[in-house]
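K.L.:
Dropping a prediction and its sequence here:
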Amino acid sequence: MANGDTKLVRIQEKGQVTLPADIRRRLGLKKGDLVAVTETGGGVLVTPQRVVAIKALESIGKALREQGVDLDEMIDAGREIRGELLKEEYGIDPDASPG
């Protein structure tokens, strides 16, 4: 079945629908994987969850770039905060050399 081809499936008990095997293979879906279900004007869109997560991360990255936030600066700030927490909570100085 090529992309865009229509295949009929039957709604089972509790609203379950079996996705055709060739589509599951193409999308790399297996038992237990999560999918997002979105109602659209034309029906229902089923999206593998990892795609949803990637899109969310891309949106977050875009929003940060628009605000002038640099990823390297964020990482450095996180390291600084982690160092402060280590000192305050555990008395560990991350800048001290071991030994």
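P.N.:
In hand now; what should we look at?

K.L.:
Quick one: name whatever helix or strand follows the lengthiest helix in the chain.
P.N.:
Longest helix of the chain, by residue count under DSSP state H: helix 49-66. With elements assigned by DSSP states H and E, the helix or strand that comes after helix 49-66 is helix 71-85.

K.L.:
can you pull the buried residues of that following helix?
P.N.:
For helix 71-85, burial by neighbour count (16 or more other Cβ atoms under 10 Å) applies to no residue. From N, CA and C alone the C-beta is placed, and that goes for glycine too.

K.L.:
got the contact list for that helix?
P.N.:
61, 64, 94, 95 (Cβ atoms under 8 Å, 6 or more residues apart in numbering).

K.L.:
from those, which has minimum pLDDT?
P.N.:
Among these, residue 94 carries the lowest pLDDT, at 78.

K.L.:
Just give me the neighbour total for that residue.
P.N.:
12 (other Cβ atoms under 10 Å).
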